[in-house]
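A.B. asks: Following is a predicted model, sequence given first.
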Amino acid sequence: MSERYFVEIMRIFKSSPDRELSGEELASQFGITRTGLWKKIKKLEELGYVFDKKPKYGYRLILVPDLLHPVEILSDLKTSWFGKHYFYYEEIDSTNTEAMRLALKESPEGTVVVAESQTAGRGRLGRKWLSPPKKGLYFSFVLRPPIGPREAPQLTLLTALALVDTLRELYQIPVMIKWPNDLVVEGKKIAGILAEAHMEPQKLRFVIIGVGINVFHNQNDFIGEFRYPPTSLLIELHDRNITIRRQDILVNFGNIFEEFYENFLTSGWQPWIEKLRETSILLGKFVTVNTGREKISGIAADFSPTGGLILQLPSGGFQEIWIGDVEQVTWK
Ligand code: BTN
């Protein structure tokens, strides 16, 4: 029985959460014997699912584990292309590197790579991304947008906007965007985005978007030096009675991102600027941006129609920055 059937079985259980499903009916639906079905249920139990089993009535799903396994993710996703090609690893060097390898072999748009841990997780500007097993959500996906290289940075912002909606909807926390690729909660970094474009002369062939979210980290899991004080969902939600599950985040993100991206492809970036303004932590603050070539300081005045950051310089003039890393923010 291939993975597709496990996904289908799980879909059926999830659509009837409060009642027993007859073993006989399920077995005949999939053209297998009752013993065959029992074996499949046993496999699902090995993955961590818990069923209430009553000989007369059948099976009832009573516990869904925190699982990024395809059976769990694919039975919840409501997308038409995001995650339809789904690669799941216990451990990998970097999900971005793997997504790049797959994209070079023509993996389609929406291909998703997820790992429980990364041995060489990468952040922006050559930094490392701490990726201890099962603490965070580490995933990457392939996009093949018909846009020019200059518009590619808008995909980072679109991802950030989808993440903000995902985390606010699920956990009601005040997540904000620190342009262009950080998500922060009250000044502490909770997630980062690493976008890597693959170019052909003058043309964007594909873009890999990598997302790292600190989920179950305790304060002492954050070993090393950090540009911004890090935080996690667990730390932020410690006094609330909320169950945090990484699959909820991935599935909700996928559903939201697919819709955002399709709108973006039809209507462009312009409609998103207001949302970026509303969710940006930088506007009105005095910041220093490292563009790789120079450091520029000024007041973050606005975002340009293309997604760049407009700084008001101490001289009074304005400068637009396309790509950069905000190193310092004066929060007052
Ligand atoms: C940053 O804030 O500098 C970006 C961090 C991006 C980390 C994610 S984790 C999943 C994906 N794989 C990687 O190697 N990096 C990204």
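C.D. replies: Ah, there it is. Residues are numbered from 1 along each chain as shown.

A.B. asks: buried sites along the helix or strand that contains Leu311?
C.D. replies: When elements are assigned from DSSP states H and E, Leu311 belongs to strand 309-312. Across strand 309-312, burial judged by 16 or more other C-beta atoms under 10 Å covers Leu309, Ile310, Leu311. All C-beta atoms are positioned from the backbone trio N, CA, C, and that covers glycine.

A.B. asks: Now the last one: closest residue in space, sequence neighbours ignored.
C.D. replies: To tie it back to what came earlier, the one meant is Leu311. Gly298 (3.6 Å; C-beta to C-beta, 6 or more residues apart in numbering).

A.B. asks: do the first one as well
C.D. replies: Once flanking residues are discounted, Leu309 sits nearest to Ile321: 4.9 Å by C-beta to C-beta, 6+ apart.

A.B. asks: pretty sure the one you found is touching Thr288, no?
C.D. replies: No. If you go by C-beta atoms under 8 Å, Ile321 and Thr288 don't touch, sitting 11.2 Å apart.

A.B. asks: Who has more neighbours out of these two?
C.D. replies: With neighbours defined as other C-beta atoms under 10 Å, Ile321 and Thr288 compare such that Ile321 has more, 20 against 16.

A.B. asks: Tell me the pLDDT of that one.
C.D. replies: As predicted, Ile321 sits at a pLDDT of 94.

A.B. asks: picking up where we left off before, next helix or strand past the strand holding Leu311?
C.D. replies: strand 318-321.

A.B. asks: mind exporting that next one as CSV, just the C-alpha atoms?
C.D. replies: Backbone C-alpha positions of strand 318-321 (Å, rounded to 0.1, in the frame of the first residue of the first chain) are rendered in CSV as follows:
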residue,chain,number,x,y,z
PHE,A,318,15.7,59.9,0.6
GLN,A,319,17.4,56.6,-0.5
GLU,A,320,15.8,53.4,-1.5
ILE,A,321,17.4,50.1,-0.5
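
A.B. asks: Check which helices and strands that strand is in contact with.
C.D. replies: Contacts defined by 3 or more C-beta pairs under 8 Å, 6 or more residues apart in numbering; DSSP states H and E place strand 318-321 against strand 295-303, strand 309-312.

A.B. asks: In CSV, list the ones you listed along with distance to Arg127.
C.D. replies: Shown next, in CSV, are these (distance: least, C-beta to C-beta, whole Å):
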stretch, distance to Arg127
strand 295-303, 17
strand 309-312, 20
